[in-house]
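Could you work out the structure for the sequence below:
(one chain, ligands or ions: 1)
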Amino acid sequence: MTATEPTKNIVPFAEQTYLDAVYARLDELREHTTQRLAQVRREGPSGSPQNRSERDAFATLYEDRLAQLDAVEDRLVFGRMDLRDGGRRYVGRIGLSDDDHAPMLTDWRAPAARAFYQATAANPGDLILRRHLQTRARTVIAVEDDVLDLDALTDAAEVNLSGEGALLAALNAQRTGRMGDIVATIQAEQDAVIRSDLDGVLVVQGGPGTGKTAVALHRAAYLLYAHRQRLERSGVLMIGPSRVFLRYIEQVLPSLGETGVVASTMADLVPGVSARGIESDRVAEIKGRAVWARIIGSAVRARQRVLPERELKVGSVRLTLRPAEVREAQARARRGRAPHNLARVTFVRQMLTALSRQYSEMVPGLGEDDHMEVLEELRSARDVRVALNLCWMPLSATGLLADLYAKPHRLAEAAPMLTAAERALLERADGEWTPADVPLIDEAAELIGADEEADRARAREAETQRAQEVEYAREVLEASGAGGGMVSAEVLADRFATSGPRQTTAERAYADRSWTYGHVVVDEAQELSAMAWRALLRRNPTRSMTIVGDVSQTSTRAGTSDWGATLDGPLRGRWRLATLTVNYRTPSDIMDAARRVATAADPEHPPTPVTSARDVDDALAITRVDDLTTGLRAAVEAERRMLDGGRLAVVAARHRHAELFAALEVSPVVDLTDEVVLLDPAGSKGLEFDVVVLGEPAELMPESDRAGDLYVAMTRPTRRLHVVHHGPLPEGLADVH
Ligand SMILES: Nc1ncnc2c1ncn2[C@@H]1O[C@H](COP(=O)(O)OP(=O)(O)OP(=O)(O)O)[C@@H](O)[C@H]1O
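Numbers count the residues shown, from 1 in each chain. Prediction:
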């Protein structure tokens, strides 16, 4: 931002007039789209299947467009650029033109809008003035100008150097429990990240509150806009740390006019696997190690065995299972490098051929015609079935893993690289899957594969049919001119092809474990284990990713404190780094205290430096109490009185929660729109609140020498941090007064 002098804010009449015209255009487009939709629907359920699917596809197109037009209603226009050549451009959530195709509003993602975010007084480019428009409903309530070249300005009297500024106004606003977009006030260093190239892996490292989540979401919206053809079909996957977090951010992309992003936690990544179990951080760390790729590989391989020679009864005939033949059949099956269950088909075929050869030797005089019958008899003979299964067991991913956990000898055989004590920690007879199991299940599913060859044949047939549909869709689009850049022939063909309930790319992608996405965005990426990275990279073979995180906020042992150490191997060193440096959330007094605590805990690795954008009076309070629960209750009551509609979180170690739910009268089910919520530090990751009341900070950094959890919890508030403690304070907090 350039320096501004506070003066009285007068909204020029012309701005309201312009805004009215833009909204009138929005209404017109809505009306037009509503009519087209009604017309398509009126055509009724008659006609050939082709006609019907075509109609459904267009109905979906218009429904999507309507949803988009509705979603951009709020703060549709937020900026104006006055250009050196006398031109003027308004910037908003979407691009709009009038009936004569003259531009009225420039999409914030268009190249022409870039200067709005990038221009500075030192580097104004073509801009002489940047104006922020603040609106409520359809009314302009304030304007604020950055003069970038005073000499070039023709009408300096019109300039409005307002008070607090658009950015500060956004930062000071009360929190609602839902993240908002930052489209009106994206800062230059953030804009550079948002518009960075689609290809390759971009790692965004930034301290707390530097806008990593906001930037990641805006980047997803930008990429979908700039590379719609490429990403619309393949989809974008966004990984967040928890379901609560995904709910927190769920409104941002729709408000930017994008709805097609698949949002998931790592725990929900494999369809059909529900990972609600809880386990210790120590166990999760063991399960996260890269060595599991080998462990699971050996476990699968262990189900491909060579049995000692044995007799096989087939009716009245006695055959012999010969180890040499088993070995040969297994070698052939492995040669194709197909997954276990698929390769099994080759193995079985080879064995049946070998056994039928034996059969012919023992029962001379069989003709060519009898061959099929013999094969059938072999296939259904119990001894043969049992023996072939023992030699090459059909597997399921979850079955394989459950077996490893339940049978110590199997785990010992597959995982000699783990110590006996580590293996003992993994042992369990049953129980729920945990988040750390999910990447292991995914790994196993990859090695095991689906179970019929028929899947492949079906896929080949579908491919041919699809090519015909795409061709047809292309013709339809050309004939109707309905695409308008919004939809590609491939996408329309997908919609033609989908009978029954409408299925978007996102829905299909989410339901398909082997879906590969055009781009993957990972938030709080510092927590991902080596095995989790493998699962994600599998879903993105083109290596187009945005990874955002902060290695100073890592709270799990499986996570990373060094991007290079974690990513260099799997990405073969091919990734680029961007750094964000300004904290837009946490007031400077709180940020300084958090930094002192983290540095005292691990002087060798102090957190990455950030500068707080704001100072807030009375931002940090520390209260010593005799009883923690009573003390927390009193603190919450006091803070609540000053909350004035904002949001408050109590952060305390999990073992305190049972008592605190009752004492603080908060719901055990976290709903961030509640005025007060109770969280553990891991649950507070990525979130923010007006006020945070922190209970017994020393308990938030138990045995480790790192302050990851405590550092995260301390940096959540936008206004005030109230630390309540009975025991000793961690170093770095003890000296604050
Ligand atoms: N350019 C901006 N304009 C307005 N608000 C912003 C801007 N950048 C960030 N913010 C706000 O700052 C807050 C912190 O942003 P965000 O949650 O994206 O940070 P983060 O780096 O992901 O934080 P953490 O790592 O601590 O979870 C959010 O409320 C966000 O809306």
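
all helices for the stretch 351-500 of the chain, in order.
371-380, 382-391, 397-406, 408-414, 420-426, 437-448, 454-480, 489-497 (DSSP state H, counting those that start in this stretch).

try the stretch 101-250 of the chain
114-118, 166-172, 188-194, 212-226, 228-234, 243-249.

so can I have JSON lines of the ones you listed showing mean neighbour count?
Where C-beta positions appear, they are placed from N, C-alpha and C, glycine not excepted. Formatted as JSON lines, these follow (neighbours: other C-beta atoms under 10 Å):
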{"stretch": "helix 114-118", "mean neighbour count": "20"}
{"stretch": "helix 166-172", "mean neighbour count": "17"}
{"stretch": "helix 188-194", "mean neighbour count": "20"}
{"stretch": "helix 212-226", "mean neighbour count": "24"}
{"stretch": "helix 228-234", "mean neighbour count": "17"}
{"stretch": "helix 243-249", "mean neighbour count": "19"}
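
Now do the same contact list for the nearest residue to Glu279 once chain neighbours are set aside.
Once flanking residues are discounted, Glu279 sits nearest to Thr434: 4.7 Å by C-beta to C-beta, 6 or more residues apart in numbering. Neighbour list for Thr434: Ala267, Ala275, Gly277, Ile278, Glu279, Val283, Ala284, Lys287 [criterion: C-beta atoms under 8 Å, 6 or more residues apart in numbering].

In this structure the first one contacts Val438, no?
Okay, so that is Ala267. Yes. With contacts defined as C-beta atoms under 8 Å, Ala267 counts as touching Val438 at a distance of 5.6 Å.

who touches both of the two?
Ala275.

where in the chain is pLDDT low?
1-10, 44-52, 152-165, 451-466, 468-503, 702-706, 736-737 (pLDDT under 70).

hey, where'd the helices end up in the stretch 551-700 of the chain?
With helices called from DSSP H, counting those that start in this stretch, the stretch 551-700 of the chain shows them at 563-567, 588-601, 628-641, 657-664.

for the ones you listed, which one ends up most surrounded?
The highest mean neighbour count among the helices of the stretch 551-700 of the chain, using mean count of other C-beta atoms under 10 Å, belongs to helix 588-601: a mean of 21.

near the ligand, which residues of the stretch 201-350 of the chain show up?
Taking C-beta under 6 Å from any ligand atom as the contact definition, the stretch 201-350 of the chain meets the ligand at Gly206, Pro208, Gly209, Thr210, Gly211, Lys212, Thr213, Ala214.

Tell me the one among those residues nearest to Val650.
Pro208 (18.7 Å; C-beta to C-beta).

To what extent is the residue nearest to that closest one when sequence neighbours are not counted buried, counted in neighbours?
Spatial nearest neighbour of Pro208, chain neighbours left out: Thr715 (3.5 Å); criterion: C-beta to C-beta, 6+ apart. By the criterion of other C-beta atoms under 10 Å, Thr715 has 29 neighbours.

Check Gly86 too.
Gly86: 9 surrounding residues under other C-beta under 10 Å.

How about Glu311?
For Glu311, using other C-beta under 10 Å, the count is 10.

quick one: strands adjacent to the helix or strand hosting it?
Taking DSSP states H and E as the criterion, Glu311 maps to strand 310-314. Each strand paired with strand 310-314, and its direction, by DSSP bridges: strand 317-321 (antiparallel).

Quick check: what element follows the partner strand along the chain?
Downstream of strand 317-321, the first helix or strand assigned by DSSP H and E is helix 323-335.

Could you pull up the residues touching the residue nearest to Gln350 when sequence neighbours are not counted?
Excluding the flanking residues, the one nearest Gln350 by C-beta to C-beta, 6+ apart is Ala329, at 3.6 Å. Listed by C-beta under 8 Å, 6+ apart, the contact set of Ala329 reads Thr346, Phe347, Gln350, Met351, Ala354.

Among those, which one sits closest to Ala421?
The closest of the contacts of Ala329, once distances to Ala421 are taken by C-beta to C-beta, is Phe347, at 37.1 Å.

roughly how far apart are that closest one and the ligand?
Distance, Phe347 to the ligand, by C-beta to the nearest ligand atom, to the nearest Å: 50 Å.

The residue in the stretch 501-650 of the chain positioned nearest to the ligand: what's it in contact with?
Nearest residue of the stretch 501-650 of the chain to the ligand: Tyr584, at 3.5 Å (C-beta to the nearest ligand atom). By C-beta under 8 Å, 6+ apart, Tyr584 lies in contact with Leu167, Leu171, Gly209, Thr210, Gly211, Ala613, Arg614.

Which elements pack onto the strand or helix carrying Ala14?
According to DSSP H and E, Ala14 maps onto helix 13-42. Packing contacts for helix 13-42, counted by 3 or more C-beta pairs under 8 Å, 6 or more residues apart in numbering; DSSP states H and E, involve helix 49-71, strand 77-83, strand 88-92, strand 96-97, strand 103-107, strand 127-136, strand 139-147.

cutoff 6 Å now
helix 49-71, strand 103-107, strand 139-147 (3 or more C-beta pairs under 6 Å, 6 or more residues apart in numbering; DSSP states H and E).

quick revisit: can you name the two of the contacts of Thr434 that are farthest apart?
Most distant of those, by C-beta to C-beta, are Ala267 and Val283, 14.8 Å apart.

Show me which of the two is the more surrounded one.
Set Ala267 next to Val283 and count neighbours by other C-beta under 10 Å: Ala267 wins out with 22 against 17.

number of nearby residues for the nearest residue to that one once chain neighbours are set aside?
Excluding its sequence neighbours, the residue lying closest to Ala267 (C-beta to C-beta, 6+ apart) is Pro435, at 3.8 Å. The number of residues packed near Pro435 is 23, by other C-beta under 10 Å.

ditto for Lys407
Residues lying near Lys407 (other C-beta under 10 Å) number 13.

Phe58 too?
Number of residues near Phe58 (other C-beta under 10 Å) recorded here: 22.
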